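Peer 1: Fold the following and give me the result.
(chains A and B)
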Amino acid sequence: MTLTHCLASLMDDAPEIVPAASPAEHTVRVQQLFVKSQGSLKAFLLALVPDFTEAEDLLQEVFLVVTQKAGTFKEGTNFMAWARQIARFKAMSSMRKRRNSPSVLAEDVVESLVAAEPEVPYDESQIAAVRDCLKKLAPHARQLVTMRYMNEHGPGEIAQRMSWSENAVNVTLSRARTTLRECVQRQLQRLEVT
Amino acid sequence: MKDERLNVLLSAYLDGALAPDEKLELEGQLRSSASARTEFWDHARMHAVLHEVEQRHAIDHPEDADETKRRGESPVDFLRSRWRPSWLPIALSAVAWLILAAFLVRNMAQQKAVAPKRVYVGELRHDLDAVWAGDSPQIAVHQPLKVETLHLQSGAVEIALVSGALIAIQGPAKFEFRSADRIVLVQGRIGVTAPSQARGFTVETPSLKVVDRGTRFGVSVDADGVAEAEVFEGKVDVFPNRDVVKKSTGPQRITENHAVRVDPAKKEMLAIKSDPNRFPQPERLTDNLLNDPSFEAGADPAPDGLPSKFGEWGGDFCHVTGAELGIQPQTGKAMLRFLRGDNTRSNGETHPNSELWQMIDLRPHKKLMAKARVEAELSCYFNHVAGEPGSSQRFGMNVFAFRGTPGDPDELWARRNKVAVGRAHAEMLTDDMPATWQRLDGKMPVPAGADFLIVQIYASNREGLTAEQPVLVGNYADSAMLRLRVPPKLGTAPVVKAR
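Peer 2: As a prediction, the model looks like this:
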């Protein structure tokens, strides 16, 4: 049911007409598709731009472009493919501005990575599996993951707060993620079997 | 066995800790190895999922986040977590409210700096002289809204949420969208239209919570924490904050034209006189009132001039067709092709334009028209086959408002300029590109006493059709729309008198 259709339904005796989507209604539908897909889009952006704040800003820019260009999206076609193109363009544009930063990969590498992105859906089963696996992490590793992903601190800041060396933080985070990836893989395989 | 070195490099990349030489090393591996690229996506996916999991956890359990995150908790959560009964005697004083308000303002400023939650909830649709406070994000029309605290100093805004709810918020107001179906209102007044798919939309205030049960309603909170809820249509459930009212005060279902107030100083929820005009109102739009607006029914309109019944297309000779002559329908599988400037009742005369009409009965909308100033918004898409450069074609629309009943259509049309109580006209020349449709828009105020409308769309060449040349080659229309609109408006006098 469209937004305006719903508004009309609040009025007495509103006619039972299902109209063609107006541009405004179409835009709202496209925005709803964006909201549904924003987890996948954010994951895509975070791969190319791992900084959380920057990726969120880019996601917002993608939302704006999606809104502006909603008229060019045809309902029934692949929204993610369409929106990912916009996200890729935004990410590349942002990376070009910071091309000398050590955290920005060369453009040809990024292109080859984008071409190799697996079509594994980003869904709630992964979220649930990660949530379960987090419970199995060693307490100090769990604490570091919280500081990194909940509080969005970088390794330097975590090292300072924990009075650890930055290298120790890097190693612990790396091992924690490896443990989690292995655990999630096992969980998802178990789900497939059952 | 997985490459440990690649593991370390990818981890450093995701944590922003890659040294320049490590970056070159990682790029080399990613360029040369497909399995390294697969490994990259494995790591990146975990990076993203972990962030999502932890951010959701931070929203649900702010106590688990560190102090920077805890500053991001909502003002109402703050009140709930700290407002224990032993505080009540202090909290009930106006001074305490002012202190709390001052704290909340500071709290919001800190929250803005941290910006911990970034979920898109909707966009700002209308701005009625809105002035945002300096400590608030400055939101412009069509800008998306995130989960964040906003402080509107004066004026009003209308926000369309992805849940389908429309909200008008009038300043001074401090509020935060917790999601597309939940708003925390610390101060200010709002009007909410929650259509069926947004049922359950919730407004939280320090003194009460309002849960929509399919309705239009208003909520206000003044600087002393006095909150009111009023239903304009439908019903809501109001839950008073048990830390604010007497324990015996339970939730109440409020129906149309009823209102309640929770005054923390009096510790009770009271019924009060309703007055919807005190609240800002979001825009109201009807459905498309045109029948078969995109000609998908597939039937040719009757070529008998102005139709005598509501909801039927009729006029000059026209044809409903699918894609042809290089033109695709603007929507669906069908579109209208204007053929000639005459019809079976034009007695051999040719109009300068090929015209199509539809009459619309306004009587089902009298209730809406009686309560507010209503506009009719008309739009239609037009296109024509490619011709010589500059061979643009004329297209246009008219909408007329009348009182009474249509009577004889020919007589009515002949006297339209004398008897119509409202009229709007729009015309344009289209481009020469059949791949693109061009939209024409028009609107007019609908007089409160109007009983029906006549919508006319037409096509012509630049010079106009003649008896010698009554035929159009390839002129099309599609996706016509006529809606009644009540613009968003401000509330009138202050909702609650300051004590």
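
Peer 1: Could you tell me how many residues sit around residue 33?
Peer 2: As the question left the chain open, I've gone with chain A. 18 (other C-beta atoms under 10 Å in any protein chain shown). For glycine as for every other residue, the C-beta is placed from the backbone atoms N, C-alpha and C.

Peer 1: sorry, should have said chain B
Peer 2: Residues near B:Ser33, counting by other C-beta under 10 Å: 14.

Peer 1: Give me the phi and psi for it.
Peer 2: Backbone torsions of B:Ser33, given as degrees, to the nearest 10, read phi -130, psi 120.

Peer 1: Surely A:Met95 touches A:Val49?
Peer 2: Yes. With contact defined as C-beta atoms under 8 Å, A:Met95 and A:Val49 form a contacting pair (6.9 Å).

Peer 1: Pick out whichever of the two has more residues nearby.
Peer 2: Between A:Met95 and A:Val49, A:Val49 has the larger neighbour count (other C-beta under 10 Å), namely 24 against 20.

Peer 1: isn't the more buried one right up against A:Ser94?
Peer 2: Yes. Between A:Val49 and A:Ser94 there is a contact at 6.3 Å, judged by C-beta under 8 Å.

Peer 1: Mutual contacts of those two, please.
Peer 2: A:Leu58 (C-beta atoms under 8 Å, 6 or more residues apart in numbering or on different chains).

Peer 1: Quick one: residues contacting the residue nearest to B:Gly250 when sequence neighbours are not counted.
Peer 2: In space, and not counting its chain neighbours, B:Gly250 is closest to B:Pro240: 8.0 Å by C-beta to C-beta, 6 or more residues apart in numbering or on different chains. By C-beta under 8 Å, 6+ apart, the contact set of B:Pro240 is B:207-208, B:249-251, B:262, B:269.

Peer 1: Recalculate using a threshold of 7 Å.
Peer 2: Applying C-beta atoms under 7 Å, 6 or more residues apart in numbering or on different chains to B:Pro240 gives the contacts B:207-208, B:249, B:262, B:269.

Peer 1: so which of those residues comes closest to chain A?
Peer 2: Among these, B:Leu208 lies closest to chain A (C-beta to the nearest C-beta), at 23.5 Å.

Peer 1: and A:Phe89, how many neighbours does it have?
Peer 2: Close neighbours of A:Phe89, defined as other C-beta under 10 Å, add up to 13.

Peer 1: Is it in a helix, a strand, or coil?
Peer 2: helix (DSSP: H, G, I helix; E, B strand; the rest coil).

Peer 1: what about the residue most central in space within chain A, distance to A:Gly154?
Peer 2: In chain A, the C-alpha nearest the mean C-alpha coordinate belongs to A:Lys42, at 1.9 Å (C-alpha atoms, centre = their mean). A:Lys42 sits 19 Å away from A:Gly154, going by C-beta to C-beta, to the nearest Å.

Peer 1: ok, for A:Leu188, nearest residue in space, not its chain neighbours?
Peer 2: A:Ala129 (5.8 Å).

Peer 1: Which helix or strand contains that neighbour?
Peer 2: Using DSSP states H and E, A:Ala129 maps to helix A:124-134.

Peer 1: The helix or strand following that helix: which residues count as buried?
Peer 2: Sequence order places helix A:139-145 as the next helix or strand after helix A:124-134, per DSSP H and E. Of all the residues in helix A:139-145, those buried under the rule 16 or more other C-beta atoms under 10 Å in any protein chain shown are A:141, A:144-145.

Peer 1: Over helix A:139-145, what's the mean pLDDT, rounded is fine.
Peer 2: Mean pLDDT, helix A:139-145: 90.

Peer 1: now stretch B:293-304
Peer 2: For stretch B:293-304, the mean pLDDT works out to 93.

Peer 1: all helices of chain B, in order?
Peer 2: B:4-14, B:20-32, B:34-60, B:67-70, B:75-82, B:88-91, B:94-114, B:366-371, B:409-414, B:416-419 (DSSP state H).

Peer 1: same check, this time on chain A
Peer 2: Using DSSP H, the helices of chain A run over A:3-9, A:23-48, A:52-68, A:79-97, A:107-115, A:124-134, A:139-145, A:155-162, A:166-193.

Peer 1: Give me whichever of those helices is most buried.
Peer 2: Highest mean neighbour count of the helices of chain A: helix A:3-9, a mean of 23 (counted as mean count of other C-beta atoms under 10 Å in any protein chain shown).

Peer 1: on that earlier part again, could you identify which of the helices of chain A has the lowest mean pLDDT?
Peer 2: Minimum mean pLDDT among the helices of chain A: helix A:3-9, a mean of 29.

Peer 1: hang on, isn't B:Trp357 packed against B:Ile454?
Peer 2: Yes. B:Trp357 lies in contact with B:Ile454 (C-beta atoms under 7 Å); the separation is 5.9 Å.

Peer 1: Okay, domains of the chain per the record?
Peer 2: No chain in the question, so chain A it is. For chain A, automatic domain parsing gives the domain ranges A:17-115, A:124-193.

Peer 1: That was the other one, I meant chain B.
Peer 2: Domain assignment for chain B by automatic domain parsing gives B:4-60, B:95-282, B:314-486.

Peer 1: So for the second one, mean pLDDT?
Peer 2: In this model, domain B:95-282 has an average pLDDT of 81.

Peer 1: From the chain's centroid, how far away is that domain?
Peer 2: 17 Å (C-alpha atoms, centre = their mean, to the nearest Å).

Peer 1: do the same with the shortest one
Peer 2: Centroid separation for domain B:4-60 versus its chain: 39 Å, with C-alpha atoms, centre = their mean.

Peer 1: near chain A at all, it?
Peer 2: Yes. Counting by C-beta under 7 Å from any C-beta of the partner chain, chain A has neighbours in domain B:4-60: B:7-8, B:11-20, B:23, B:27, B:30-31, B:34, B:37-38, B:40-55, B:57-58.

Peer 1: Please list only the buried members of these.
Peer 2: Counted by 16+ other C-beta under 10 Å, the residues of domain B:4-60 next to chain A give B:7, B:11-18, B:23, B:27, B:30, B:37, B:40-55, B:57-58 as buried.

Peer 1: sorry, back to before: which single one of the contacts of B:Pro240 is nearest to B:Asp408?
Peer 2: B:Leu208 (58.1 Å; C-beta to C-beta).

Peer 1: how far away is the spatially closest residue to A:Leu137 that is not a sequence neighbour from B:Asp15?
Peer 2: Residue nearest to A:Leu137 in three dimensions, not counting chain neighbours: A:Ala176, with 6.0 Å by C-beta to C-beta, 6+ apart. According to C-beta to C-beta, A:Ala176 and B:Asp15 sit 11 Å apart.

Peer 1: and the residue of the stretch 151-300 of chain B found nearest chain A, backbone torsions?
Peer 2: Going by C-beta to the nearest C-beta, chain A is nearest to B:Pro195 of the stretch 151-300 of chain B, at 3.0 Å. Backbone torsions of B:Pro195, given as degrees, to the nearest 10, read phi -70, psi 180.
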